[in-house]
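> when you get a sec, could you give me coordinates for this:
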Amino acid sequence: MLRFPPKKINDFYGYRTSLSKKSQKHWDYAQVESAKYMKQVGYYSFLCCAPFILFSYNEWHVWIAITIVTLLPFLALIQTEKAIKKRFKD
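Residues are numbered from 1 along each chain as shown. Prediction:
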């Protein structure tokens with residue numbers, strides 16, 4: 001999404017929330033910001049979860065890794081929404 005963000009507002013591809021679909025300016029900004037935050041989430045997921053999987057393979061370690069990987073994208077969503085609201089004070 002960072003290299004090939006969707007050009008027009010759509011319901012199939014891109015960062016799609018009611019705030020990001022508010023206007024074309026909101027849409028364009030949201031695509032760049034969400035890609036940036038999702039890239040960070042990917043790095044953090046890898047850094048947080050790799051030790052649990054690589055160095056000790058207990059069942060609860062796997063569940064910790066799954067929980068981290070599941071919850072971190074919500075952090076990216078929250079950060080993106082805050083960035084949109086900060087940029088476009090309506």
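> Pro5 and Gly42: what is the separation?
From Pro5 across to Gly42, the span is 17 Å (C-beta to C-beta, to the nearest Å). From N, CA and C alone the C-beta is placed, and that goes for glycine too.
> let me redo that: Lys82
The gap separating Lys82 from Gly42 is 19 Å, by C-beta to C-beta.
> so who does the closest residue to Tyr13 other than its chain neighbours touch?
Residue nearest to Tyr13 in three dimensions, not counting chain neighbours: Pro6, with 4.9 Å by C-beta to C-beta, 6 or more residues apart in numbering. Applying C-beta atoms under 8 Å, 6 or more residues apart in numbering to Pro6 gives the contacts 13-14, 27, 31.
> what's the spacing between Pro6 and Lys21?
Look at Pro6 and Lys21: by C-beta to C-beta, they are 11 Å apart.
> shared neighbours, these two?
Trp27.
> where do the helices of this structure begin and end?
Listed in chain order, the helices found in the chain under DSSP state H are 24-55, 59-87.
> looking at these, which is buried most?
The highest average neighbour count among these, using mean count of other C-beta atoms under 10 Å, belongs to helix 24-55 at a mean of 16.
> tell me how far Ser45 lies from Lys25.
When C-beta to C-beta is applied, the distance between Ser45 and Lys25 equals 30 Å.
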